[in-house]
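*Asks:* Need a 3D model of the sequence below.
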Amino acid sequence: MNKHIIYSTLGGILEFYDFIIFAIFSKIISTTFFPNHSSISALLLTFTIFAAGYIIRPVGGLIYGHFGDKFGRKKTFSISIIMMAFSTLFIAFIPSYASIGIFAPILLTILRLIQGASIGGEIPGALTFVSESIVKRKTLACSIVFFGLVLGIILGQLTSIVINKAFTVEQVNSFGWRIAFILGGVFGIWGGYLRKKIHETPSYLAIEDHKTKYPFLDVLKKHPKEIFMGWALMGLVSSGIMVFFLIMPSYGNLVEISSNTIFLINTLVLFIVTLASICFGFLGDKINKKYLILAAAIISILLTYTIFSRLVTNELTLVSYCVFCIFSFGISVAVIPSVLTELFPTELRYTGVGLIYNLSFATTGGLAPMLIFYFISETGNLLMPAFYYVLISIIALVSLLLYPKQVKHLAA
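*Replies:* Residues are numbered from 1 along each chain as shown. Got it, this is the predicted structure:
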């Protein structure tokens, strides 16, 4: 496999590895860094800090995008993973609230914000870099980058399992959870070292004399249609990750499916779907990607309600769920990331991709759990995840009307 793809994928692995371990160990983190007056209040504050790292991602995307378009992909792209790595590592060494008081949650918040901002620049940088470095197989390359995200989820889950098996409950609460963050930090530092071996992309070197002064303003002024279309299409990916995988442990409790069953199904289906997405990435380099996205959107609109209806009544088979996810979410995650890189010219690509990617994950992805569970609590209707994803799919389908007949901004 091309080293550019491998080194670009490392940041995505770390991003979702951190996402999962923070969520898994959130209860322990809440009791470690907040006063023990109320366990619920401490947990809410922990998730608030978690959300803050998520919300700041668009800001980080704009900052890293600006410097990526002004000073080069390699430099900016290498800084983002190092900042992610050290902020993850330092979280492991923050003293508890009992030791340093209010400074414990303050330090945790600062590190989460640095982490979130760096994540905001990492995946857009990876997509931009591989699309400009591997032009003839860019769809395949971008699908492999997203395979890294899934690998991060699986590694995070496996790490938590090993830690919980290796240590007692008291040891996990005391120091075991910190090991997960140390491993993530060391992995990121190693990834930053490897990225020193890559070279600047040919596309960026070709525009040395044509850089724009304010990439963000130019993206807003010159590419509003591309921003909307990219946001709408990326919604299939960001909301799909939430609806079909990340909210499933909590949703499983509502429909009376055991957490162990959900974990096994999640891990197996996610891995199979991502492997299938690499095949769709290969196909996306051979045919018009618009038709693949069209197929994914239509399948999602027509079948999502049926899938969740059968899930609620406990009539859904693993095979049918897996096949559905392959041809809805699998196609989307394979093809859409590369489409984002083709919406903008080279001098605006990092900024444009960063804006769309982070805006989508902060809205259609980040708001999904809150909206879905709010409407479930208000209406009692357990099919809200289906309604939400169908709505996102309809918006994506409409946005395809803006899809260019011929791609103008191919990385060269």
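
*Asks:* Where does pLDDT dip in the protein?
*Replies:* Low-confidence segments of the chain (pLDDT under 70): 1, 37-44, 47, 406-412.

*Asks:* Spell out which residues make up each domain of it.
*Replies:* 1-211, 213-412 (automatic domain parsing).

*Asks:* For those domains, give me a markdown table that also has mean neighbour count.
*Replies:* Every residue, glycine included, has its C-beta placed from N, CA and C. Listed next are the domains of the chain as a markdown table, based on neighbours: other Cβ atoms under 10 Å:
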| stretch | mean neighbour count |
| --- | --- |
| domain 1-211 | 20 |
| domain 213-412 | 19 |
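
*Asks:* How much space separates Phe146 from Phe280?
*Replies:* In this structure, Phe146 lies at 11 Å from Phe280, with Cβ to Cβ, to the nearest Å as the measure.

*Asks:* who's in contact with Ser78?
*Replies:* Ser78 makes contact with 192, 195-196 under the criterion Cβ atoms under 8 Å, 6 or more residues apart in numbering.

*Asks:* Run through the helices of the stretch 51-200 of the chain in chain order.
*Replies:* Taking DSSP state H, counting those that start in this stretch as the test, the helices found in the stretch 51-200 of the chain are 57-71, 73-91, 97-100, 103-133, 138-166, 169-171, 177-194.

*Asks:* Same check on the stretch 251-400 of the chain?
*Replies:* Assigned by DSSP H, counting those that start in this stretch, the helices in the stretch 251-400 of the chain fall at 259-284, 289-312, 318-325, 331-342, 349-360, 368-379, 384-399.

*Asks:* wait, which of the ones you listed is closest to Glu122?
*Replies:* Smallest distance to Glu122 across the helices of the stretch 251-400 of the chain (Cβ to Cβ): 9.6 Å, for helix 349-360.

*Asks:* Now Asn381: closest residue in space, sequence neighbours ignored.
*Replies:* The spatially closest residue to Asn381, leaving aside those adjacent along the chain, is Phe375, at 7.2 Å (Cβ to Cβ, 6 or more residues apart in numbering).

*Asks:* Thr128 now?
*Replies:* Leaving out its chain neighbours, Thr128 is closest to Tyr350 (Cβ to Cβ, 6+ apart), at 4.7 Å.

*Asks:* ok, that neighbour - contacts?
*Replies:* With contacts taken as Cβ under 8 Å, 6+ apart, Tyr350 has the following neighbours: 64-65, 68-69, 73, 76, 124-125, 128, 215.

*Asks:* any chance of the residues you listed in CSV, plus distance to Leu302?
*Replies:* As requested, the contacts of Tyr350 are exported to CSV (distance: Cβ to Cβ, whole Å):
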residue, distance to Leu302
Tyr64, 38
Gly65, 36
Gly68, 39
Asp69, 40
Arg73, 40
Thr76, 41
Pro124, 32
Gly125, 36
Thr128, 34
Pro215, 39
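
*Asks:* what about the residue nearest to Thr128, distance to Leu371?
*Replies:* For Tyr350, the distance to Leu371 under the criterion Cβ to Cβ works out to 30 Å.

*Asks:* ditto for Tyr321
*Replies:* 23 Å.

*Asks:* now Val186
*Replies:* Spatial separation of Val186 from Leu371 under the definition Cβ to Cβ is 37 Å.

*Asks:* And Arg195, by the same measure?
*Replies:* In terms of Cβ to Cβ, Arg195 sits 37 Å off from Leu371.
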